[in-house]
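Peer 1: Return a 3D structure for these sequence lines:
(chains A and B)
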Number of protein chains: 2
Amino acid sequence: MQILDGKKAAQAIKDELKISVAQRANDGKKIPHLAAVLVGNNGASETYVAAKVKACEETGFKSTLIRLEADISENRLLETIEDLNTDPDVDGILVQLPLPKHISEKKVINAIDPGKDVDGFHPMSVGKLVEGLQTFIPATPYGIMLLLEQYKVETKGKHAIVIGRSNIVGRPMSILLSGNSNPGNCTVTLCHSHTANLKEICLQGDIIVAAIGIPEFVKADMVKEGAVVIDVGITRVADPTRKSGFKLKGDVDFDNVSPKCSWITPVPGGVGPMTIAALMKNTYLSCDTKN
Amino acid sequence: MQILDGKKAAQAIKDELKISVAQRANDGKKIPHLAAVLVGNNGASETYVAAKVKACEETGFKSTLIRLEADISENRLLETIEDLNTDPDVDGILVQLPLPKHISEKKVINAIDPGKDVDGFHPMSVGKLVEGLQTFIPATPYGIMLLLEQYKVETKGKHAIVIGRSNIVGRPMSILLSGNSNPGNCTVTLCHSHTANLKEICLQGDIIVAAIGIPEFVKADMVKEGAVVIDVGITRVADPTRKSGFKLKGDVDFDNVSPKCSWITPVPGGVGPMTIAALMKNTYLSCDTKN
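Peer 2: Sure, this is the predicted structure:
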C-alpha cells in the first residue's frame, strides 16, 4: 500500500505557482487575486477559508477576505458579489458554503461572473466541464485529478466507483473520470443513497471515490485487493482527548481498508490540501488568461 | 416482452400539446414558434428536419426552416443565429447537426440564446441539467425519460448501464438517470470505447441504454433476463431490396435481445419519435414561460 500524499502533491503545485507568480511580478504583470466571502462564523468554514487565505500568502497571491454577518440579507450579499464581479483587480471569487438558510446558495452562485467562478459551481462552468471545454473545474474533483496525475495512477479503462452524487464532488468527479482525458477514460459507476447493492458494486472498483460524508462508511469488505481509494470525507468527530475537542474522520475505514489498497489518500492530508491547490490553480488560470 | 412504443407515446404528447396550443390561440396568446437551421443537404439531416417541421404542423406550432448552402461561412451562420436570438417571435432555435467541417459546432451552439436553446446543447443548459435546475433537456435523453414515465417503468434503485458518452445522448442520459427525480435515482454505469469488460457490466443492467451508433452491437448474451432495453441507435444500412436503398438499424440486435427483455424500444418507432416530442415540449415550455 502506498499513500497518495495530498499534502506533498499540493505543496509541489503551490511551489510551482509561487515561481510563476514571482515571474509575473518580475515582468510587471498582474498578480492573481482571490476574494473570499465568509458569511457568519461556522467553525469548519472559518478553518477552510483561513487555509485558503494562507495558501494565497504562501504562493504570493493577493487575497481579500470579506466577512459578513450571519443575518446579512440575500440582496446585500448579491451586491457584494456584484462589486467583486466588476472589480478588475479580482480574478477569483469564492463564497464559502454553506450559507445561512435564509439565503439561496443557487442564486448567489449564479450571480458570480463565470469568468471569476474559481470554485466552478456556476452552471456555465459545469456545462463546459461536461462538454470538455476549458473551464474552472470544481476544486475538490480537480484536486483529485491532479493527485492522480501527480502519482501517475493509471485510470484508462479502469472501473471507477464514485459514491455520492453531490454537485460539488460526486457528480463532477464522475464526469471527469469518465471523460476522454488523462486522467480519465474510466468506466464510471455513480452510486448514491438509492443504490441497492453498494457492496457488490464497490467490490468491482479498481478506483473508489468516497464522497458521502459518513465517517468510516467504506469498510474493508467493500474493497477489492489492489484498489485505489480516494477519501473525500472530512467529518469532525468528537474527541475529548484533543484540545480542539474533535478529530477529523474520512469516509473510509482507513486502518482496515488501507492494507488492501494499491494507493489510498489519508484524512487529513489527502484530498483536503489538493482542493486548496486546485483552487489556487483556477485563480492563477483566471488571472493568466485575462492579463 | 413488451414494446415501449415511442410512436404512440410521442403521439400522446403531441396531442396534449395540440390542445394546449389551441387553448393559447383561443386566449389570444402567442403560439410556439420553432426555427430550424439546416446547412447543406445531408440526407439524414433532411429527414430529421422534415420530421420536426411536420411535428410543428401537427401540433399547431409555427415553424420556420432556414436552409443555408453547405459552403456558408461560419460568420454568416452566426449572424443567422443572432437574428433568431433577437427575433421576439422565435421561441426555439435548432441547428441541425452535423455541420460542415469548416464550421465550429461548439461556436454555433454557444451562440444560441440559452433561453431559446430547445436542443439543450448550450453549456448553460447542460450545467443547469447537472445541477437539477429547470432547463431545456437535450431532446433524445428527455424523450427517453418521457417514455419511461409514460410506461411507468420503475427506475429508482435500478442499475442502469449507459453505453456511449456523447454530449448529445450518453452523457446527459447518465446524468438524468442518476438524478434525484422520477424517473431517475438509478445507480448508473457509463460505458464507452475504453470500457474493459462491457459484456460483464451490461449483464448487471436492469436498464440498458445503447447509444453508440454501431448497428446491432448489443447482443443477447450481454443482456440479463427481464432487463429494460432502450435503443438510441439509428443507422442507415444498405438494403437494395428497398426503394430508399437502405433500412434503419438500431444498436441492439432486436430479434435476439427482445425475448429476454421486460421492455424494449423498437427501431424505428422507439426513441426517434420521442426525441421529436421532447423537442416540441421544450419549444412549448420556452413560449409558455415567456408569454
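
Peer 1: how does chain A divide up, domain by domain?
Peer 2: A:28-113, A:139-272 (automatic domain parsing).

Peer 1: Going by neighbour count, which residues of stretch A:247-255 are buried?
Peer 2: By neighbour count with 16 or more other CB atoms under 10 Å in any protein chain shown, stretch A:247-255 contains the buried residues A:248, A:249, A:250, A:251, A:252, A:253, A:254. (Each C-beta comes from the backbone N, C-alpha and C, glycine too.)

Peer 1: Which of these fall within helices?
Peer 2: Residues of these located in helices (DSSP state H): residue A:254.

Peer 1: Of the buried residues of stretch A:247-255, which is the nearest to chain B?
Peer 2: Closest to chain B out of the buried residues of stretch A:247-255 is residue A:251 (17.6 Å), distances taken as CB to the nearest CB.

Peer 1: Pretty sure the closest one sits against residue A:211.
Peer 2: Yes - between residue A:251 and residue A:211 there is a contact at 6.9 Å, judged by CB atoms under 8 Å.

Peer 1: Common neighbours of these two, please.
Peer 2: A:163, A:232, A:233 (CB atoms under 8 Å, 6 or more residues apart in numbering or on different chains).

Peer 1: Sitting in helices, which of those residues do you find?
Peer 2: Short answer: the shared contacts of residue A:251 and residue A:211 have none in helices (DSSP H).

Peer 1: and which of these is nearest to residue B:175?
Peer 2: Looking at the shared contacts of residue A:251 and residue A:211 and their distance to residue B:175, the nearest is residue A:163, at 16.8 Å (CB to CB).

Peer 1: That closest one: neighbouring residues, count only.
Peer 2: 29 (other CB atoms under 10 Å in any protein chain shown).

Peer 1: Over to residue A:67?
Peer 2: Neighbour count for residue A:67, taken as other CB under 10 Å: 12.

Peer 1: Note down every partner strand of the host helix or strand of it and its orientation.
Peer 2: If you go by DSSP states H and E, residue A:67 is part of strand A:62-68. Strand A:62-68 has these partner strands in its sheet, going by DSSP bridges: strand A:33-39 (parallel).

Peer 1: mean confidence for the strand it pairs with?
Peer 2: Per-region confidence: strand A:33-39 scores 97 on mean pLDDT.

Peer 1: From the contact counts, what lies against whichever helix or strand comes after it?
Peer 2: The helix or strand immediately downstream of strand A:33-39 is helix A:43-59, counting by DSSP H and E. Judged by 3 or more CB pairs under 8 Å, 6 or more residues apart in numbering or on different chains; DSSP states H and E, helix A:43-59 is in contact with helix A:6-26, strand A:33-39, strand A:62-68, helix A:271-290.

Peer 1: out of those, which comes closest to residue A:89?
Peer 2: Closest to residue A:89 of the helices and strands packed on helix A:43-59 is strand A:33-39 (CB to CB; 5.5 Å).

Peer 1: Enumerate the residues of the stretch 1-150 of chain A near chain B.
Peer 2: Within the stretch 1-150 of chain A, the positions lying close to chain B (CB under 8 Å from any CB of the partner chain) are A:106, A:122, A:123, A:124, A:125, A:126, A:127, A:128, A:130, A:131, A:132, A:133.

Peer 1: And the pLDDT at the last one?
Peer 2: Each residue has a pLDDT score; the one for residue A:133 is 91.
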